[in-house]
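Participant: okay, predicted coordinates and the sequence, questions at the end:
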Amino acid sequence: METMGTTPQPLRRVTALYEGRVQGVGFRITTLMTSRRFDVSGYVCNLHDGTVRVVAEGRDDVLRAFLVALKRSAIGRYIDRERLNWAESTGEFDGFDIRHDG
């Protein structure tokens, strides 16, 4: 059955870089657990410069809610700066996980 006036939202990709005291505080596991509450795929990893990268794909509204949930979680207090880069989804991810190759 068709629904009039609704068009599916295209999937997007956000790459978020978090600065602050974001390593060694449970950032990756909190991000992984938070991702399970949202329809997103991607990964989180520590980078060698002390930042954390989150790459997530999903609908725009879901991605924005996911990012807000991260900042409102226990790890939010460790974030000094968030840099976001938005792009089209690549569809390359199957689920959300922690990577150790940052």
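Facilitator: Cool, the structure landed.
Participant: quick one: distance of the helix or strand containing Arg13 to the chain centre.
Facilitator: Taking DSSP states H and E as the definition, Arg13 sits inside strand 11-20. Averaged C-alpha coordinates place strand 11-20 at 6 Å from its chain's average position (Cα atoms, centre = their mean, to the nearest Å).
Participant: same for whichever helix or strand comes after that strand, what does it pack against?
Facilitator: Reading on from strand 11-20 to the C-terminus, the next helix or strand found by DSSP H and E is helix 27-35. Under the contact criterion of 3 or more Cβ pairs under 8 Å, 6 or more residues apart in numbering; DSSP states H and E, helix 27-35 touches strand 41-46, strand 52-59, helix 60-72, strand 96-98. In short, each C-beta sits where N, CA and C put it, glycine included.
Participant: and the ones you listed: which comes nearest Thr34?
Facilitator: helix 60-72 (5.3 Å; Cβ to Cβ).
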